[in-house]
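Asker: the following block contains a protein sequence and its predicted model.
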Amino acid sequence: MDILSGVNWALIAPLIVLQAILMVAALASCLKQEETNGPKGMWILVIIFVNIIGPVLYFVIGRRSA
Amino acid sequence: MKNFFILFKKEMKESVRNGKWIWLPIVLMIIGVSQPLTSYYMPQILEAAGNLPEGAVIDIPTPTGEEVLIGTLSQYGTIGSLLFVLSMMGVISQERQNGSLTLVMVRPVSAMQYIGSKFLAQLSILFSALAASYLLTWYYTNLLFNYVPWQLMLTSFLVYSLWIVFIAAVTIFAGTLLRSSGGIAGASILFLSLISLLTTLLPKYMKWSPASLRTQASTLLMEGPWDSASWLVVYSTIGLSLLLFSLAVFGFKRFESFGS
């Protein structure tokens, strides 16, 4: 684990923040939707557990345009 | 002209609502920033991931800032192009499916205004996303490697943007021909990768190909000024994009006249 301490976290932090914003935005949009393509619970799991690609997939194919 | 602005505004509003203004810039920024970061931490990553024999020495030369930016551009070229196509595949087909296209077209709106507003609105989203991502990457590159002059950064960005214009033209054109979003994305990606493949296989005959814009942007970063071949690519890309755009307008007119 000494490798982790050698990493400058100030450099990595923006990356993590960006991913968090993406995830939260996707979650918020998913919860607000009345209906999604496919079960909503599945999308919530996908958004949370599939890194980066999950939220993008949700925005591209999961949303049902009203 | 008034119609155009109204349609343009509507397109922007819709992109805010379906989250495109959020996810596209963020994902591009993540892709962009990871390039300098992974290059910078490459020795540590190899150490942590590879089970190298004891005493193995790997000497990785530290890349220059320009090389890192080139790496980023090639990331945009693969994952980026895919994302751009995915983000634009539904712009026409969705309206056609849910019937709002018919509502728009009963007004005195010309096909030119309709397609033009779509094209420009999508382009402005893509450009802002790409610019945000590239600027952030540039900042990181300056921080971690060496300073890359901003003129170089800006020109390589502008050259690269032409490739984006081409992608947008291809996708919108496919959008006027096909009905399903999946088909549109598939056809555009197939076409774009075909052109990229041909460009790498037959460099002699494909000097005009828009796909070589990416290599042009790289040589620009490495070697500086351009030769005449670079201008050929720029002109041919602009020409091809205009051609695809007018074909899209024409195809849309035809499509619309025999009903959705």
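Answerer: That came through fine.

Asker: could you list the low-confidence segments of chain B?
Answerer: For chain B, the stretches flagged by pLDDT under 70 are B:50, B:256-260.

Asker: residue B:214 and residue A:38: what is the separation?
Answerer: From residue B:214 across to residue A:38, the span is 36 Å (C-beta to C-beta, to the nearest Å). All C-beta spots, glycine's among them, are computed from the backbone N, C-alpha and C.

Asker: show me what contacts whatever residue of the stretch 151-260 of chain B ends up closest to chain A?
Answerer: Using C-beta to the nearest C-beta, the closest approach of the stretch 151-260 of chain B to chain A is made by residue B:181 at 8.3 Å. When contacts are counted by C-beta atoms under 8 Å, 6 or more residues apart in numbering or on different chains, residue B:181 touches B:89, B:90, B:93, B:94.

Asker: enumerate the residues of chain A near chain B.
Answerer: By C-beta under 8 Å from any C-beta of the partner chain, the residues of chain A that approach chain B are A:3, A:6-7, A:11-12, A:14-15, A:18-19, A:21-22, A:25-26, A:29, A:52, A:55-56, A:59-60, A:63, A:65.

Asker: and those residues, which are buried?
Answerer: Burial by neighbour count, judged by 16 or more other C-beta atoms under 10 Å in any protein chain shown, picks out A:11, A:14, A:18-19, A:22, A:25-26, A:29, A:52, A:55-56, A:59-60, A:63 from these.

Asker: which residue sits closest to the most centrally placed residue in chain B, ignoring its sequence neighbours?
Answerer: Most central in chain B under C-alpha atoms, centre = their mean is residue B:164, positioned 3.5 Å from the mean C-alpha point. Spatially, and ignoring its direct neighbours in sequence, residue B:164 is nearest to residue B:126 (5.3 Å; C-beta to C-beta, 6 or more residues apart in numbering or on different chains).

Asker: quick one: that neighbour and residue B:133, what's the gap?
Answerer: Residue B:126 is 11 Å from residue B:133, by C-beta to C-beta.
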